[in-house]
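Engineer: Could you look at this predicted model? Sequence included:
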Amino acid sequence: QQPVQSPQAVILREGEDAVINCSSSKALYSVHWYRQKHGEAPVFLMILLKGGEQKGHDKISASFNEKKQQSSLYLTASQLSYSGTYFCGTERYPGANNLFFGTGTRLTVIP
Amino acid sequence: DAGVIQSPRHEVTEMGQEVTLRCKPISGHNSLFWYRQTMMRGLELLIYFNNNVPIDDSGMPEDRFSAKMPNASFSTLKIQPSEPRDSAVYFCASSPKIAGVGETQYFGPGTRLLVL
């Protein structure tokens, strides 16, 4: 039930854009996105719910395609602080209360 | 709020020894999760509790692992006996329970366990 993330790793220069994808073989109710910096705990970014709108804050946004059981995270005009590993966590039904995390995408932003 | 608190932050032990990891969830949160993170397997859910009751422990690797939540503000994850392959970072997370709505999980800083 673990979702698949792609790419596994990406290197960007400051100001460039990136897209991280998260796909599941099962129907989904929600997708959660987290970012983890080296040696630290995962930190929540946003939740996308089935039937909900595309979310975003600052220059990071995400979409959720329920039919394709896929979510994408968009990072625009990347900053050095965006570096880290991004995880999607999927929830299959309301109140499932447990997330299945993808294997992560390591993003490195260089000057 | 202090956030999720875990102790110890680092643990080095020898194979065969008992290891106990501790977690204090955010006050008012009704759900608590234990995860294990390794390079090979990523972030794996071990067990989670709702209102102090274990709901799903299918992720617990084997009988050497056990978890308890005696009250709403404390949980333990015990490994007895420990093995080198148990070396990993163990995270505790908590979330408020709001029925019908996707819930954010708030992670603790983790316990880095090394079994020699």
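Structural biologist: That came in fine, so what should we check first?
Engineer: wait, what's in contact with A:F87?
Structural biologist: A:5, A:33-36, A:42, A:101-102, A:104-105, B:42-43 (C-beta atoms under 8 Å, 6 or more residues apart in numbering or on different chains). All C-beta atoms are positioned from the backbone trio N, CA, C, and that covers glycine.
Engineer: got it, and A:R35?
Structural biologist: Per C-beta under 8 Å, 6+ apart, neighbours of A:R35: A:42-43, A:45, A:82, A:84-87.
Engineer: Mind checking what helix or strand follows the lowest-mean-pLDDT helix or strand in chain A in sequence?
Structural biologist: Taking mean pLDDT, DSSP states H and E as the measure, chain A has strand A:55-57 as its least confident helix or strand, at a mean of 67. Per DSSP states H and E, strand A:55-57 leads on to strand A:60-65 as the next helix or strand towards the C-terminus.
Engineer: Each with direction, which strands does that next one pair with?
Structural biologist: Within its sheet, strand A:60-65 is paired with strand A:55-57 (antiparallel), strand A:70-75 (antiparallel), according to DSSP bridges.
Engineer: Which positions in chain B make contact with chain A?
Structural biologist: Taking C-beta under 8 Å from any C-beta of the partner chain as the contact definition, chain B meets chain A at B:31, B:33, B:35, B:42-45, B:48, B:50, B:55-56, B:91, B:95, B:97, B:99-110.
Engineer: hang on, the earlier thing: just the buried members of the contacts of A:R35?
Structural biologist: Using 16 or more other C-beta atoms under 10 Å in any protein chain shown as the burial test, those include A:42, A:45, A:82, A:84-87 as buried.
Engineer: ranges for the strands of chain B?
Structural biologist: With DSSP state E as the criterion, chain B has strands at B:5-7, B:10-13, B:19-24, B:31-38, B:42-50, B:53-56, B:65-71, B:74-79, B:88-95, B:106-107, B:111-115.
Engineer: and if you look at chain A?
Structural biologist: Under DSSP E, chain A gives strands at A:4-6, A:9-13, A:18-23, A:30-36, A:43-49, A:55-57, A:60-65, A:70-75, A:84-91, A:100-101, A:105-110.
Engineer: which parts of the first one are buried?
Structural biologist: Of the residues in strand A:4-6, those buried under the neighbour-count criterion (16+ other C-beta under 10 Å) are A:Q5.
Engineer: Which residues does it contact?
Structural biologist: A:20-24, A:86-88, A:102-105.
Engineer: quick one on the thing from earlier: would you list the strands of chain A in CSV and tack on distance to B:R9?
Structural biologist: Output for the strands of chain A, formatted as CSV (distance: least, C-beta to C-beta, whole Å):
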stretch, distance to B:R9
strand A:4-6, 28
strand A:9-13, 27
strand A:18-23, 29
strand A:30-36, 16
strand A:43-49, 17
strand A:55-57, 30
strand A:60-65, 29
strand A:70-75, 29
strand A:84-91, 20
strand A:100-101, 22
strand A:105-110, 23
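Engineer: hang on, the earlier thing: from the contacts of A:R35, which single one is nearest B:F65?
Structural biologist: A:P42 (21.2 Å; C-beta to C-beta).
Engineer: is it true that that closest one touches B:F91?
Structural biologist: Yes: A:P42 is in contact with B:F91 according to C-beta atoms under 8 Å; the separation is 7.5 Å.
Engineer: partners of B:L43 in the sheet?
Structural biologist: B:Q37.
Engineer: Read off the pLDDT value for it.
Structural biologist: For B:L43, the model assigns a pLDDT of 90.
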